[in-house]
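Enquirer: test case, fold it:
(one chain, ligands or ions: 1)
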Amino acid sequence: MGKIADIEAHESKLYSEFAPLYDSIFGKIFYNRLERVIEDLYIPPGAQVLEVGAGTGTSFPAYPTHCNITGVDLAPDMLARARQKIANNGWRHLKVIEMNALDLKFPDNSFDYVMAFHVVTVVPDPVRMIAEAKRVCKPSGRIVIVNHFTSDVPLLGTLTRAVDPLTRWLGWRTDLQLKPFIETTGLIIEKVYKINKTSLYTVVLARKEPNGRYPAREF
Ligand SMILES: C[S@@+](CC[C@H](N)C(=O)[O-])C[C@H]1O[C@@H](n2cnc3c(N)ncnc32)[C@H](O)[C@@H]1O
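Expert: Prediction:
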């Protein structure tokens, strides 16, 4: 595995110049998965939800209108599309702000849910991003990650690592392994699952602090 944090800034043009194409290429593929994950959370009325790296707002139609969602992203062109969706749909429970997920401008313990969909392998320092997610998440809150991680199957792992230089150039890394990532972030795991057996994507439901039901344990 490559080192978890890269020091260089994320410089991909994919999320700025190609924002108009994002929804037609990725949005459609990603939406069904995110809809299932969000529905299964049964987010209660009044919940405060933060989505980091929200991009064009792929997930937005899936959120219940009874909660308050704030999406943040670094790419203005992606956010412009998200804002357009919010305006077109008259969504008053949603807003987006240009902000770095590695340096969130929210006070500690602000959110009941912090979502990170398809973003931990995009930011230059995923461990710092999760540290920020933990900081702004309430002690009782949940951190929800949906992402691809490098396969534990040796041949598949080698193959995904081999394409890492290419995907990095495009805008994401493929060398991130789940177990070391979870261990390094110190997340308390509630559940790790896949939407279906063949999915390349893993869903991680986590908490920032152990509690009676989810004590600290080795991942
Ligand atoms: C693969 S897209 C995922 C977008 C959306 N979550 C989805 O599932 O469709 C990754 C997003 O992360 C954003 N991003 C990259 N680095 C970021 C950072 N440091 N802070 C906030 N957003 C960032 C990109 O601009 C892009 O919109």
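Enquirer: only C-alpha atoms for contact and neighbour calcs from this point on.
Expert: Will do.
Enquirer: near the ligand, which residues of the chain?
Expert: The chain has residues 15, 27, 52-55, 58, 73-75, 78, 99-102, 117-119, 122-123 near the ligand, with proximity defined as Cα under 6 Å from any ligand atom.
Enquirer: what distance do you get for residue 193 to residue 92?
Expert: Using Cα to Cα, to the nearest Å, one gets 32 Å for the distance from residue 193 to residue 92.
Enquirer: and residue 131, by the same measure?
Expert: Residue 131 is 29 Å from residue 92, where distance means Cα to Cα.
Enquirer: cool, residue 198 as well?
Expert: Distance, residue 198 to residue 92, using Cα to Cα: 36 Å.
Enquirer: picking that back up, between residue 131 and residue 92, who's got more neighbours?
Expert: A side-by-side neighbour count of residue 131 and residue 92, using other Cα atoms under 10 Å, places residue 131 first with 18 against 13.
Enquirer: what packs against the longest strand along the chain?
Expert: In the chain, with assignment by DSSP state E, the single longest strand is strand 137-148. Where contact means 3 or more Cα pairs under 8 Å, 6 or more residues apart in numbering; DSSP states H and E, strand 137-148 is packed against strand 111-117, strand 201-207.
Enquirer: tell me the helices and strands packed up against the last one.
Expert: In terms of contacts (3+ Cα pairs under 8 Å, 6+ apart), strand 201-207 is packed against strand 137-148, strand 188-193.
Enquirer: most tightly packed of the ones you listed?
Expert: Scoring the helices and strands packed on strand 201-207 by mean neighbour count under mean count of other Cα atoms under 10 Å gives strand 137-148 as the most buried, with a mean of 22.
Enquirer: now it - C-alpha only, CSV.
Expert: Extracted C-alpha coordinates of strand 137-148, given in CSV (Å, rounded to 0.1, in the frame of the first residue of the first chain):
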residue,chain,number,x,y,z
CYS,A,137,-19.5,14.8,14.5
LYS,A,138,-21.5,14.7,17.7
PRO,A,139,-20.4,12.0,20.2
SER,A,140,-23.6,10.1,19.5
GLY,A,141,-23.2,10.7,15.7
ARG,A,142,-22.3,8.4,12.9
ILE,A,143,-19.7,8.7,10.2
VAL,A,144,-20.7,7.0,6.9
ILE,A,145,-18.1,6.2,4.2
VAL,A,146,-18.9,4.7,0.8
ASN,A,147,-15.8,4.0,-1.2
HIS,A,148,-13.7,1.5,-3.1
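Enquirer: pLDDT value on residue 169, please?
Expert: We have a pLDDT of 72 for residue 169.
Enquirer: tell me which helix or strand it sits in.
Expert: For residue 169, the enclosing helix or strand under DSSP states H and E is helix 164-170.
Enquirer: please point out which parts of that helix sit buried.
Expert: 164, 167, 168 (16 or more other Cα atoms under 10 Å).
Enquirer: mind checking the SS state of the closest residue to residue 138 other than its chain neighbours?
Expert: Excluding the flanking residues, the one nearest residue 138 by Cα to Cα, 6 or more residues apart in numbering is residue 109, at 3.9 Å. Three-state call for residue 109 (DSSP: H, G, I helix; E, B strand; the rest coil): coil.
Enquirer: surely residue 109 is in contact with residue 135?
Expert: Yes. Contact criterion Cα atoms under 8 Å: residue 109 and residue 135 qualify, at 6.3 Å.
Enquirer: just want to know which of these two has more residues nearby.
Expert: With neighbours defined as other Cα under 10 Å, residue 109 and residue 135 compare such that residue 135 has more, 18 against 15.
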